[in-house]
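[1] Pasted the sequence and its predicted model underneath.
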Amino acid sequence: MGSSDTNDGGSAAGGLAEYFDFEAHGTDLRTEVLAGLTTFLTMSYIVVVNPTILAAAIQPDGIGPDRTVQMIAVVTILSAAVATLVMALYAKRPFAQAPGLGLNAFFAFTVVLGLGIDWQVALAAVVVEGVVFLALTLVGARTYIIELFPEPVKLAVGAGIGLFLAIIGLEEMRVVAGDGSTFVTFNPVFASDPVAVISVVGLLVTLALYARGIRGSIVLGIVATSLMGYAASALGYSAYPYDSPALEEMGVSLLEVPLVPDAPVTYDAASYNVAPLAGAFLDGLRSVEPFSFALVVFTFFFVDFFDTAGTLTGVSQAAGFLDDDGNLPDIEKPLLADAVGTTVGGMLGTSTVTTYVESATGVDEGGRTGMTALVVALLFLASLALVPLAVAIPTYASHVVLVVVGIIMLSNVAEIAWDDLTYSIPAGLTIFVMPFTYSIAYGIAAGIVSYPVVKLAAGEREDTRPGHWVLAAAFVLYFVVRTGGVLQGAV
């Protein structure tokens, strides 16, 4: 019987190796599973964060706030699992998907609470955006637009994402803090802040393991940092009070990051009934005001399109997937998976689902195939029955990884022709703008708008294509709509 079990296990592993073509990608099952676990641990915070953000705007009639949070958590898990399964089994790429951080804040605080648009209508906008993505992907339009990205922008996206990840990680680790005068500053109470001290020790441990070439160094770093946090809590330490009057006097603000998570989130039977959310977009479609609805769809569409394009390009560059022209072969497959994720997510009752930049952590662990994404999807599904792993892992422990990966992704800048100003200007702007605006899409916008301008100024107009100017003009239009008060005036 033991022999039969072994053979069955070997046959299953062999089938997975053949389906995902491990040999062609120079990987194996152990590496892919470890990569999937790494990606999941790094991005699973969304299971807790997404409900917290969306519950501020989504309140179904007759449903209390606690149950709303639980329902959104279930919907978050389901949408992430479905979208990532499509990425795994159809696109066969190591990219994970879930409701996008930032896009959910725009949904809740700008569209619903800021503009006063019903949450059902906002969900309808997400679904329509997903359907538009599906149509554009099927006809090859999304691939065409992404391949229009100027070469310096494509080469700079990876480094820009690296800095973006690093600043997110350092802020969550409480190494940097908000400052009223300089915007960011070093944590002025660093030495007395257990979160900051443990985070930095965890970062150094992770970097040491990585430099030593230890397999699974990122997962080990997350676990080690988490254990240090729990040990400190058991010894009576707690997070430094972020609302300290002394900090207020200095104009410094620290993120609210507990030393250890609160009591584990559990779901009762009623919480699995997501009927009040699933299908709510249909009610939204019945009460649409065409002009304002179109502007909301346009805004969702624009940010998600270029955020996804930047993530796919940057993570693919780190994985060595890009061809000689800086394009991702068969990119329409992960794009289609992304479009399906957005559509399904909106139908279930969550904001835009997108490809996660945290996928870079799994890629760095050696993940190269859809098996990595399959592991992520299965872990999301498992978290429905078990206490979500995100609750057990302190956020600063998982965000240590973002700094590690950010350092690694900076190596991409070596491929940029820095001695050519028509390359260095768009590339530099792409890299700078991403972390300072907290947006991959805005960084890409800076590079795309500047590229034809500097090419024209340098007398190299022949290097530009009509599509470059069209993309630049589209970004200018987007910023007019997004920041010029057009949305507010339309409501």
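    Sure, I can see it.
[2] Give the burial count for V260, as a bare number.
    For V260, the number of neighbouring residues by other C-beta atoms under 10 Å comes to 18. From N, CA and C alone the C-beta is placed, and that goes for glycine too.
[3] for G279, same thing?
    14.
[4] likewise G236?
    Quick note: G236 (other C-beta under 10 Å) scores 6 neighbours.
[5] can you give me how far the lengthiest helix in the chain is from the chain middle?
    Of all segments of type helix in the chain, defined using DSSP state H, the longest is helix 290-319. Distance, stretch centre to chain centre, for helix 290-319: 12 Å (C-alpha atoms, centre = their mean, to the nearest Å).
[6] name the helices or strands packed onto the following helix or strand past it?
    For helix 290-319, the following helix or strand on the C-terminal side (DSSP states H and E) is helix 332-348. Where contact means 3 or more C-beta pairs under 8 Å, 6 or more residues apart in numbering; DSSP states H and E, helix 332-348 is packed against helix 65-86, strand 97-99, helix 119-138, helix 141-147, helix 290-319, strand 353-355.
[7] List the buried residues for the fifth one?
    Within helix 290-319, the residues that qualify as buried by neighbour count (16 or more other C-beta atoms under 10 Å) are 292-293, 295-319.
[8] Also the first one?
    Judged by neighbour count using 16+ other C-beta under 10 Å, the buried positions of helix 65-86 are 67-86.
[9] swap in the third one?
    Of all the residues in helix 119-138, those buried under the rule 16+ other C-beta under 10 Å are 119-130, 132-134, 136-137.
[10] and that helix, what's its mean pLDDT?
    Mean pLDDT, helix 119-138: 95.
[11] ok, now the fourth one?
    When the per-residue pLDDT values of helix 141-147 are averaged, the result is 86.
[12] immediately after that helix, which helix or strand?
    Using DSSP H and E, the helix or strand that follows helix 141-147 in sequence is helix 151-172.
[13] Against which helices or strands is that following helix packed?
    Short answer (3+ C-beta pairs under 8 Å, 6+ apart): helix 151-172 packs on strand 176-179, helix 290-319, helix 395-409, helix 421-437, helix 440-457.
[14] try 10 Å this time
    On a contact count with 3 or more C-beta pairs under 10 Å, 6 or more residues apart in numbering; DSSP states H and E, helix 151-172 meets strand 176-179, strand 183-186, helix 194-212, helix 290-319, helix 359-364, helix 395-409, helix 421-437, helix 440-457.
[15] Buried deepest among these, which one?
    By mean neighbour count, with neighbours taken as mean count of other C-beta atoms under 10 Å, helix 359-364 ranks first of these at a mean of 30.
[16] shaky segments in the stretch 201-350 of the chain?
    Where the stretch 201-350 of the chain drops to pLDDT under 70, the residues are 215-216, 241-243, 262-271.
[17] I'd say F22 and G15 touch.
    No - using C-beta atoms under 10 Å, F22 is not in contact with G15; the gap is 11.1 Å.
[18] Neighbour count: the two, which is higher?
    The neighbour comparison of F22 against G15 (other C-beta under 10 Å) goes to F22, with 20 against 10.
[19] For that one, which non-adjacent residue is spatially closest?
    Using C-beta to C-beta, 6 or more residues apart in numbering and skipping the chain neighbours, the partner closest in space to F22 is D28 (5.7 Å).
[20] what are the phi and psi values for G140?
    phi 90, psi 10 (degrees, to the nearest 10).
[21] Next up, the contacts around it.
    E147, E332, L335 (C-beta atoms under 10 Å, 6 or more residues apart in numbering).
[22] surely the first one meets I331?
    Yes - under the contact definition of C-beta under 10 Å, E147 touches I331, with a separation of 8.2 Å.
[23] what's the overlap in contacts for those two?
    Shared contacts of E147 and I331, counting by C-beta under 10 Å, 6+ apart, come down to A309.
[24] Compare neighbour counts for the two and give me the winner.
    I331 (22 against 16).
[25] So for stretch 140-152, what gets flagged as buried?
    So for stretch 140-152, counting by 16+ other C-beta under 10 Å, buried means R142, T143, I145, I146, E147, F149, P150, E151, P152.
[26] got the CA coordinates for it in CSV?
    Presented in CSV, the C-alpha positions along stretch 140-152 are these (Å, rounded to 0.1, in the frame of the first residue of the first chain):
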residue,chain,number,x,y,z
GLY,A,140,-5.4,42.0,-29.2
ALA,A,141,-5.8,45.7,-28.4
ARG,A,142,-4.3,45.5,-24.9
THR,A,143,-1.3,43.6,-26.2
TYR,A,144,-0.8,46.3,-28.9
ILE,A,145,-1.0,49.1,-26.5
ILE,A,146,1.5,47.5,-24.0
GLU,A,147,3.9,46.8,-26.8
LEU,A,148,3.7,50.5,-27.7
PHE,A,149,5.4,51.3,-24.4
PRO,A,150,8.8,53.0,-25.2
GLU,A,151,11.8,50.8,-24.6
PRO,A,152,13.2,53.0,-21.7
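[27] For F432, list the residues it contacts.
    A156, G160, L163, G443, A446, G447.
[28] Which of those sits closest to I53?
    Nearest to I53 out of the contacts of F432 is G443 (C-beta to C-beta; 22.5 Å).
[29] so what's the closest residue to that closest one other than its chain neighbours up against?
    Excluding its sequence neighbours, the residue lying closest to G443 (C-beta to C-beta, 6+ apart) is M434, at 3.2 Å. In this structure, M434 makes contact with 156-157, 159-165, 167, 310, 314, 440-444, 446-447, judged by C-beta under 10 Å, 6+ apart.
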